[in-house]
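Q: Quick one, structure for this:
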Amino acid sequence: MDAPDLDRSRAVWRTSSYTNNGGACVEVADNQPGLVAVRDSKDRSGPVLVFTRAQWREFTARIRSGELSAD
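A: Prediction:
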């Protein structure tokens, strides 16, 4: 499956409400039709993960359920 195209120049980034002060910070851009993008707030010109909205819903649901973890 090809990655959806994100127009970085139009992305409006916001810091995740789950960001802590320990350096584990992510930013999310969800202002482009059908897309959600995620990046590391400490490397704003670095790589960006881009999801369709359906992929994002599935990804976050799997995190909430405990199926995916950082362990």
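
Q: And what about the residue nearest to the spatial centre of the chain, helix, strand or coil?
A: Centroid-nearest residue in the chain: Val38, 2.3 Å away (criterion: C-alpha atoms, centre = their mean). Recorded secondary structure, Val38: strand (DSSP: H, G, I helix; E, B strand; the rest coil).

Q: begin at 23 from here
A: I'll keep to 23 as the first residue from here, and by that count the last item is Val60.

Q: residue ranges with poor pLDDT in this protein?
A: For the chain, residues meeting the criterion pLDDT under 70 lie at 23-26, 40-46, 92-93.

Q: As a check, name the ranges of all helices in it.
A: 75-87 (DSSP state H).

Q: can you give me the strands in it?
A: Using DSSP state E, the strands found in the chain span residues 35-37, 48-51, 57-62, 70-74.

Q: what separates the first one from the chain centre, distance-wise?
A: Distance, stretch centre to chain centre, for strand 35-37: 9 Å (C-alpha atoms, centre = their mean, to the nearest Å).

Q: other SSEs contacting that strand?
A: With contacts defined as 3 or more C-beta pairs under 8 Å, 6 or more residues apart in numbering; DSSP states H and E, strand 35-37 has these neighbours: strand 48-51. Glycine gets a C-beta too; all of them are placed from N, C-alpha and C.

Q: Outside of the strand it packs on itself, list whatever touches it.
A: For strand 48-51, contacts defined as C-beta atoms under 8 Å, 6 or more residues apart in numbering pick out 28, 33-38, 41, 57-63, 66.

Q: And for stretch 56-72?
A: Residues contacting stretch 56-72 (C-beta under 8 Å, 6+ apart): 25-28, 30, 33, 35, 37, 41, 45, 47-52, 73-75, 77-78.

Q: Only the buried residues of it, if you could.
A: Leu57, Val58, Ala59, Val60, Arg61, Val70, Leu71, Val72 (16 or more other C-beta atoms under 10 Å).
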